[in-house]
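Peer 1: Provided below are the primary sequence and the corresponding predicted coordinates.
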Amino acid sequence: MQRERPETDIDELPLRTGLRTRTLSDERLAFCRQIGVEDIFLDHRSPRGDVFEDEGSNDDETITIDDGVVPSVSDLVQARRRAEDAGLRLMGIQSLSYNVYGKIMLDKEGKESQLETIKQLIRNLGQADIPILGYQWNPRGVVPMRTSQTVRLRGGARGREFDIDDLDAPYDPVDELEREYTEEELWENYEQFLEEVLPVAEDAGVRMALHPADPPSVEQLGGIPRLFRNREAFERAMEIVPSDNHGLKLCLGCFSEMPDADVKDVIVHFGGNDDIVFVHFRDVVGTWPRFTETFLDDDQSNFDPKVAIDKLREVGFDGVVVPDHVPDVVGDTEWGHRSRAHAVAYLNGLLARTDDASR
């Protein structure tokens, strides 16, 4: 039986949930559709092994991106059609690894190759009718994103925690660093990057979406400034090279980790400027320098998900909200099927409730 394919005019779609996945296996795509998701973002695999594979995936079900390694238009079209055959829309590439932008960020030899890799990827995404490219601008290997993977949550579930006190000399330069970098030179490198890639994105019809530093707030770790640590940095990023094809991968978890940021105000500000490309819907308990990821419906968490949904509707955002990191629950898989299903069901319930209230 031919499966019904989703609508393709994304401008006419409502606010909705999505998921991120590193595999396009039939089982994974069927699961996403079965729990009420219509949109997915693809986490690419790394040939260098710094990004682990989802269980059960193989090379035919994943996309590889690295310095000088770009999926062809045919590869991307095949991935999009594979999603469509399962009743899903492939909205974009979730993010780029440090392997693809690290030399650009630090102005090192080889940055021209990385710039061309990103430009070609953008062109290919546009030709394949895949509208979004998420990216980060954070050094890798400086500090772990989390210092513990096993903090107890309700019922014995396990959450991930960051605590600066668990790091050894976190502000000292890492051994492999040739020198320390100033914040302004990294801003100069970032501006040059945008000047290079945003015209390509505009021609291709692809929107680029910037993710915050995680953990946020601190000016530098390991000798490298962390530019996108606070709201002011994102305001600068959106203004430095203005473009309708540049915006935020608005990670509510990261913004809620910032002691001086209010999630409601952040949504109103960036949503009012039409700067939100898609949303990472994650919550935590606590702020920098110590916080723990938790369930979306945790009464102790940093923000009220219903209020966040209300604010997204208020500013007219009609894109995708994606449950990001999820707690480990009993009997779950490495990817977190059970926990992601819980997050999607909770968000879909909120969306149905607020949609009824807005009519």
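Peer 2: It's in. Residues are numbered from 1 along each chain as shown.
Peer 1: who does the strand or helix carrying A79 touch, helix- and strand-wise?
Peer 2: A79 belongs to helix 73-85 when assigned by DSSP states H and E. Judged by 3 or more Cβ pairs under 8 Å, 6 or more residues apart in numbering; DSSP states H and E, helix 73-85 is in contact with strand 89-93, helix 111-127. For every residue, glycine as well, the C-beta is placed using N, CA and C.
Peer 1: can you list the strands that the first one pairs with?
Peer 2: Based on DSSP bridges, the pairing partners of strand 89-93 within the sheet are strand 39-42 (parallel), strand 132-135 (parallel).
Peer 1: work out the gap between the first one and the centre of the chain.
Peer 2: Between the mean C-alpha location of strand 39-42 and the chain-wide mean there is a distance of 11 Å, by Cα atoms, centre = their mean, to the nearest Å.
Peer 1: and for stretch 324-336?
Peer 2: 18 Å.
Peer 1: and it, how far apart are its ends?
Peer 2: 11 Å (Cα to Cα, to the nearest Å).
Peer 1: so where's the stretch 51-200 of the chain shaky on pLDDT?
Peer 2: Along the stretch 51-200 of the chain, the model assigns pLDDT under 70 to residues 51-60, 141-143, 175-176.
Peer 1: just the strands in it please.
Peer 2: Ranges of strands within the stretch 51-200 of the chain are 89-93, 132-135, 148-152, 158-163, based on DSSP state E, counting those that start in this stretch.
Peer 1: tilt between the first one and helix 111-127?
Peer 2: Here strand 89-93 points in a direction 170 degrees away from that of helix 111-127 (axes from the mean of the first three to the mean of the last three Cα atoms, to 10 degrees).
Peer 1: I'd like the strands paired with strand 89-93 laid out as a markdown table, including mean neighbour count and distance to L248.
Peer 2: Shown next, in a markdown table, are those (neighbours: other Cβ atoms under 10 Å; distance: least, Cβ to Cβ, whole Å):
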| stretch | mean neighbour count | distance to L248 |
| --- | --- | --- |
| strand 39-42 | 25 | 14 |
| strand 132-135 | 24 | 10 |
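Peer 1: of all the ones you listed, which one is nearest S113?
Peer 2: Smallest distance to S113 across the strands paired with strand 89-93 (Cβ to Cβ): 16.7 Å, for strand 132-135.
Peer 1: any idea how far that closest one is from the chain center?
Peer 2: That offset, for strand 132-135, works out to 8 Å (Cα atoms, centre = their mean).
Peer 1: swap in stretch 135-155?
Peer 2: 14 Å.
Peer 1: mind listing what's buried along it?
Peer 2: 135-139, 142-143, 146-147, 151, 153 (16 or more other Cβ atoms under 10 Å).
Peer 1: and it, end to end?
Peer 2: 35 Å.
Peer 1: okay, now R81: neighbour count?
Peer 2: 13 (other Cβ atoms under 10 Å).
Peer 1: same check on the one 10 residues further on?
Peer 2: When counting by other Cβ under 10 Å, one arrives at 25 neighbours for M91.
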